[in-house]
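Participant: Kindly generate the corresponding structure for this input.
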Amino acid sequence: MKICLLTEGSYPYVTGGVSSWIQSMMTNMPQHEFIIVSISAKKEQEMVSRYEAPKNLVKIYDIYLDSFLEENIESGKRYDILDEEKEAFRSLIGGKEINWPVLFNLLVSDRIDSILNFLASKDFFDIVYDLCKKEFVHVPFTDMFWALRSMVLPLFICIQQKIPEADLYHSVSTGYAGVLGALAKHQYHKPFLLTEHGIYTREREEEIIKAEWIKGYFKDIWINYFYNLSNCAYEYANEVTSLFEKNREIQIELGCPREKTRVIPNGIDVARYNVKNREKKDGIHIGAVIRVVPIKDIKTMLQSFSIVQQELPNATFYIIGPTDEDLEYYHECLDLAERLELKNVIFTGEANVSDYLKFLDILVLSSISEGQPLVILEGFAMGIPYVTTDVGGCSELILGTNDAFGRAGTVVPVMHFHLMAEEIIEIVSNQEKRKEYGKNGLNRVRELYTIEQMISRYDSCYERWSNTTWPE
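Facilitator: Residues are numbered from 1 along each chain as shown. Predicted coordinates for the structure are as follows:
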């Protein structure tokens with residue numbers, strides 16, 4: 001079977017949990033061929049893959065959302081847009097019932113010569129004018145025009161790219177990747193599966209609320225727009241999977257039909273990890289396997305370690321992961337560490353995580369948003385307890401879901417660095433508790449979160465839809 005995986009801001013150019021999951025899926029399903037459609041915010045001078053391509057990855061198609069910068073614009077054209085097409089555009093921004101087939105057919109047709117020309121056309125001007133007149137009478141027209149243009153441009157760039165043909169399409173998020181999955185099903189009449197690691201719309205909503213560049217009255221418009229994109233994916237998907245029950249319930253709450261949803265947890269290759277290889281080093285060693293980006297909230301970790309350092313001066317804190325994804329944030333973290341007068345804080349950059357799992361006493365995760373972090377499962381597989389924020393599926397992994405294994409660490413509220421520090425101090429100071437939590441996590445991952453279980457469930461999912469087509 002030829003499977004097209006649709007990714008956004010992840011594989012193969014960005015490391016992290018989603019990218020590792022994609023690599024694991026392809027590597028452990030040699031019976032299938034895979035195509036990647038990778039959506040990136042911008043084309044860097046050198047887009048370097050962070051992963052060694054498995055033999056069954058036959059092609060990577062790149063979509064760059066800044067590709068419009070290379071185009072010339074011819075403004076003021078007319079495209080003879082039909083009334084139902086105008087209504088579909090208007091509902092994309094201001095409505096709930098969106099006629100996606102009409103939008104798809106227009107944007108992939110030969111009638112639109114260029115997305116930039118269309119967004120500078122008299123037709124688009126008329127669409128924005130009607131929106132302002134009917135629904136946004138208090139918003140200045142010029143502000144609305146440029147805001148809507150910037151809002152829909154990335155989506156339309158994605159839709160205008162030719163999607164490769166495959167037997168099945170699998171998007172690893174909603175958003176732009178999810179809409180492309182819906183478009184592929186619409187065009188080729190092949191099954192479309194959707195997996196959400198985190199809840200895309202909730203993550204975008206948090207970003208929009210915090211964003212200073214979006215004026216107050218546009219925040220609701222942007223948020224509603226991303227909800228509309230997610231609902232497109234939910235509507236077209238044949239099956240929608242999440243990593244844990246809490247996210248499944250959120251999907252249903254957001255409008256995904258319950259009968260489409262199911263839970264397939266993450267899994268790791270437990271055989272790669274051997275607790276017997278652990279070695280005790282002098283002092284206390286605290287680690288975080290993480291990308292240095294704002295959503296991981298490294299600053300809360302550093303503030304937490306400031307308290308830990310006062311109580312346990314022989315402690316060392318390792319922040320293990322790439323630092324080049326957001327250099328401005330990385331330097332802010334370095335400045336904070338200096339202001340806090342932290343000692344023994346090491347930013348390793350990209351590193352072999354296994355080298356650190358051999359001797360770390362405890363692992364920490366302070367994210368603002370997560371799915372079901374693979375790094376927690378990897379820590380468990382080496383018998384290491386975790387202190388995490390209460391986001392995504394972290395509490396389910398740490399505390400269990402009515403299983404018999406007991407807690408494998410502690411969960412604290414987001415950004416509560418003082419509580420995080422207290423829990424770190426409590427666990428590392430109590431050797432019996434540390435061993436007990438580590439053993440519980442090890443037993444839980446061996447029983448419930450293996451790569452064999454995960455691959456079997458997804459392969460069954462693929463086979464279930466493999467021979468399904470829809471009439472044109």
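
Participant: which stretches of the stretch 1-150 of the chain have low pLDDT?
Facilitator: Low-confidence segments of the stretch 1-150 of the chain (pLDDT under 70): 45-46.

Participant: quick one: the strands in it?
Facilitator: With strands called from DSSP state E, counting those that start in this stretch, the stretch 1-150 of the chain shows them at 2-8, 33-40, 57-64.

Participant: how about Ala288, secondary structure?
Facilitator: Reduced to three states with DSSP: H, G, I helix; E, B strand; the rest coil, the structure at Ala288 is strand.

Participant: hey, what's the closest residue to it other than its chain neighbours bridged with?
Facilitator: Closest residue to Ala288 in three dimensions, ignoring its sequence neighbours and counting by CB to CB, 6 or more residues apart in numbering: Val364, at 4.8 Å. Placement of C-beta: from N, CA and C, glycine included. According to DSSP bridges, Val387 are recorded as the beta-bridge partners of Val364.

Participant: burial of Val364, as a residue count?
Facilitator: Using other CB atoms under 10 Å, Val364 has 28 other residues around it.

Participant: ditto for Thr142
Facilitator: With neighbours defined by other CB under 10 Å, the count for Thr142 comes to 9.

Participant: hang on, the earlier thing: surely the residue nearest to Ala288 and Ile286 touch.
Facilitator: Yes - with contact taken as CB atoms under 8 Å, Val364 and Ile286 are classed as touching, separated by 6.2 Å.

Participant: Now do the shared contacts for those two.
Facilitator: Common contact partners of Val364 and Ile286 (CB atoms under 8 Å, 6 or more residues apart in numbering): Ile424.

Participant: Deepest-packed of the strands of the stretch 1-150 of the chain, please.
Facilitator: Per-stretch averages of neighbours, counted by mean count of other CB atoms under 10 Å, single out strand 2-8 among those, with a mean of 24.

Participant: Could you export it as PDB, CA atoms only?
Facilitator: Taking Å, rounded to 0.1, in the frame of the first residue of the first chain, the C-alpha atoms of strand 2-8 are listed here in PDB:
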ATOM      1  CA  LYS A   2       1.200   3.500  -0.800                       C
ATOM      2  CA  ILE A   3       0.500   5.900   2.200                       C
ATOM      3  CA  CYS A   4       0.900   9.600   2.000                       C
ATOM      4  CA  LEU A   5       1.700  11.200   5.400                       C
ATOM      5  CA  LEU A   6       0.800  14.900   5.600                       C
ATOM      6  CA  THR A   7       2.900  16.800   8.100                       C
ATOM      7  CA  GLU A   8       3.100  20.500   9.200                       C
END
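
Participant: coming back round to it: how far away is the residue nearest to Ala288 from Asp282?
Facilitator: 20 Å (CB to CB, to the nearest Å).

Participant: sorry, back to before: what sits against the residue nearest to Ala288?
Facilitator: Taking CB under 8 Å, 6+ apart as the test, what Val364 contacts is 286-288, 301, 304, 386-388, 420, 424.

Participant: How about Val263?
Facilitator: When contacts are counted by CB under 8 Å, 6+ apart, Val263 is found next to 241-245, 248.

Participant: just Lys134 next, same as before
Facilitator: Contact criterion CB under 8 Å, 6+ apart gives Gly94 as the residues in contact with Lys134.
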